[in-house]
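**Student:** sharing a sequence plus its predicted fold:
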Amino acid sequence: MKTTKASHVLTDPTSPISKSRLGVHSSAMPCTQSGTSFSSTVLTVPKKKPPKLDDVRCNGWLESMKSSSPPHKKTVKDPFAEVSSEDGESTYQSWQLKFPSALSCFEKIRESAGDKKIVLFLDYDGTLSPIVDDPDRAFMSSNMRSAVKNAAKHFQTAIISGRRRDMVYDLVGITELYYAGSHGMDIRYPLRDTAADKEFCLFQPAGEYLPMIEEVFRTLVNLTKDINGAKVENHKFCASVHYRNVDEKSWGTVAQIVHDVLKDYPRLRLTHGRKVLEVRPAIDWNKGKAVEFLLKSMNLGKSEDVLPIYLGDDRTDEDAFKVLRQGNRGYGILVSSIPKESAASFSLKDPEEVKEFLKRLVMWKEESMQQSM
Ligand SMILES: O=P(O)(O)OC[C@H]1O[C@H](O[C@H]2O[C@H](CO)[C@@H](O)[C@H](O)[C@H]2O)[C@H](O)[C@@H](O)[C@@H]1O
């Protein structure tokens, strides 16, 4: 997807919302940075010292990192562990009593949707693309791309990712979707969408944190550069420290480095993802809030005639599942090949099943359109 030259204006320099014409690449957008209350003096690179792992042990980071990838055990205790349990299939089947397959229950979903307008929310990594060792090579298949594109012809569709918005936009490669990057902290949505005029708005509730995240990113890159396999990504409003390819013996060092850096930034917090530590602004915003925001921006916020469906695989998607569960607003579908605790209503095993589910939705919609002709 190419971007084109465009004008853009800020609606209000103190507002997290800014406007842009079609095609403005997110990295070219000005960000609101009013009220910046941190100073560059705080942003010093901590001196290298031998890691003391007491802090990360005490606050459970290390345990959380380890339990997200334990050796094969009979029962997977951590809800976000990434291993198959030994009694695999039967454990999975009993788990599915609580989180039934969205494919097996497709009829039920169809019936409860009735004439409601379905809105799709799709996470990227682990949902549209398989989890791979190198985050730069997490590509979705062309069949998946077609499935998403076809679904978007019938249902308003948004991608909500932990990645930076321009990156996930490039990976998905479909212009007609809504995109929310940085775990929903960077939302691009159409203000006006006619053939003659496409005007987009940006909503960036953590705009003022941009320089702080940039500094933290550079600090983390510097401090982890000698750890084999560690990788730090700059996702604009959050920084991700990957330890998937780090020897487990060094996970404590990775955790301690992140922990020490965070001590200097009380306005930032840590969340755990799939073998990734994520540093992000400590603001009350998440993927669930992003779903609510997007529904409002589609003028569907309060409507009873809307059925939002959110598909995601990660802890950060749980915030969205909770929002949909509240008041039976819609359905969360957890993408997982192992049993996990979740606020989702249904499950799908992997991105392949996600693709099948999207195809079923499209087939159903097209059949019902034909019947009503
Ligand atoms: O919200 P998402 O779209 O699911 O993004 C979550 C994180 O995804 C990426 O990391 C994960 O996928 C990688 C590629 O498969 C994998 O190597 C890594 O271990 C996973 O954590 C992305 O790189 C992160 O920055 C996102 O936060």
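**Tutor:** Perfect, I can see it now.

**Student:** for stretch 102-120, buried residues please.
**Tutor:** For stretch 102-120, the neighbour count (16 or more other CB atoms under 10 Å) marks Ala102, Leu103, Cys105, Phe106, Ile109, Ala113, Ile118, Val119, Leu120 as buried. For every residue, glycine as well, the C-beta is placed using N, CA and C.

**Student:** the bottom helix or strand of the chain by mean pLDDT?
**Tutor:** Every helix and strand in the chain was compared by mean pLDDT, DSSP states H and E; the lowest is strand 8-10, with a mean of 28.

**Student:** does Leu103 touch Ser347 like I think?
**Tutor:** No: applying CB atoms under 8 Å as the test, Leu103 and Ser347 come out as separate, 9.5 Å apart.

**Student:** on that earlier part again, format the buried residues of stretch 102-120 as CSV; extra columns: distance to the ligand.
**Tutor:** Formatted as CSV, the buried residues of stretch 102-120 follow (distance: CB to the nearest ligand atom, whole Å):
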residue, distance to the ligand
Ala102, 18
Leu103, 21
Cys105, 24
Phe106, 24
Ile109, 22
Ala113, 25
Ile118, 21
Val119, 18
Leu120, 15
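
**Student:** now render the residues you listed as a markdown table, adding pLDDT.
**Tutor:** Shown next, in a markdown table, are the buried residues of stretch 102-120 (pLDDT from 0 to 100):
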| residue | pLDDT |
| --- | --- |
| Ala102 | 98 |
| Leu103 | 98 |
| Cys105 | 97 |
| Phe106 | 97 |
| Ile109 | 95 |
| Ala113 | 94 |
| Ile118 | 97 |
| Val119 | 97 |
| Leu120 | 98 |
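
**Student:** among those, which lie within helices?
**Tutor:** Members of those lying in helices (criterion: DSSP state H): Phe106, Ile109, Ala113.

**Student:** which residue comes closest to Val221 once chain neighbours are left out?
**Tutor:** Spatial nearest neighbour of Val221, excluding adjacent residues (CB to CB, 6 or more residues apart in numbering): Val232 at 4.8 Å.

**Student:** residues from the stretch 201-350 of the chain in reach of the ligand?
**Tutor:** Glu233, His235, Ser240, His242, Arg244, Gly273, Arg274, Lys275, Val276, Glu278, Asp314, Thr316 (CB under 6 Å from any ligand atom).

**Student:** buried ones among the residues you listed?
**Tutor:** Glu233, His235, Ser240, His242, Arg244, Gly273, Arg274, Lys275, Val276, Glu278, Asp314, Thr316.

**Student:** SS state for the fifth one?
**Tutor:** This points to Arg244. Here Arg244 is recorded as coil under DSSP: H, G, I helix; E, B strand; the rest coil.

**Student:** and the strands in the stretch 151-300 of the chain?
**Tutor:** 156-160, 178-181, 186-193, 198-203, 231-234, 239-242, 268-273, 276-281 (DSSP state E, counting those that start in this stretch).

**Student:** will you turn these into a markdown table that also has distance to Leu262 and mean pLDDT?
**Tutor:** Shown next, in a markdown table, are the strands of the stretch 151-300 of the chain (distance: least, CB to CB, whole Å; pLDDT from 0 to 100):
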| stretch | distance to Leu262 | mean pLDDT |
| --- | --- | --- |
| strand 156-160 | 25 | 97 |
| strand 178-181 | 22 | 97 |
| strand 186-193 | 21 | 83 |
| strand 198-203 | 26 | 87 |
| strand 231-234 | 14 | 98 |
| strand 239-242 | 11 | 98 |
| strand 268-273 | 6 | 94 |
| strand 276-281 | 7 | 97 |
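
**Student:** out of those, which comes closest to Gln93?
**Tutor:** Of all these, strand 268-273 sits nearest to Gln93, with 27.2 Å by CB to CB.

**Student:** now do the closest one: which elements does it pack against?
**Tutor:** helix 61-67, helix 210-224, helix 251-263, strand 276-281 (3 or more CB pairs under 8 Å, 6 or more residues apart in numbering; DSSP states H and E).

**Student:** that strand: how far from the chain's middle?
**Tutor:** Relative to its chain's centre, strand 268-273 lies at 13 Å (CA atoms, centre = their mean, to the nearest Å).

**Student:** just checking: what are the partner strands of it?
**Tutor:** strand 276-281 (antiparallel) (DSSP bridges).

**Student:** what about the residue nearest to Val221, neighbour count?
**Tutor:** 23 (other CB atoms under 10 Å).

**Student:** spit out the contact partners of it.
**Tutor:** Applying CB atoms under 8 Å, 6 or more residues apart in numbering to Val232 gives the contacts Phe217, Leu220, Val221, Thr224, Ala239, Ser240, Val241, His242.

**Student:** which residues does it bridge with?
**Tutor:** Beta-bridge pairing for Val232 (DSSP bridges): Val241.

**Student:** quick one: it from Val254, how far?
**Tutor:** 10 Å (CB to CB, to the nearest Å).

**Student:** any residues in contact with both of those two?
**Tutor:** Joint contacts of Val232 and Val254 (CB under 8 Å, 6+ apart) are Thr224, Val241.

**Student:** the ligand contacts on the stretch 1-150 of the chain?
**Tutor:** Asp123, Tyr124, Asp125, Gly126, Ile131, Val132, Asp133, Pro135, Ala138.
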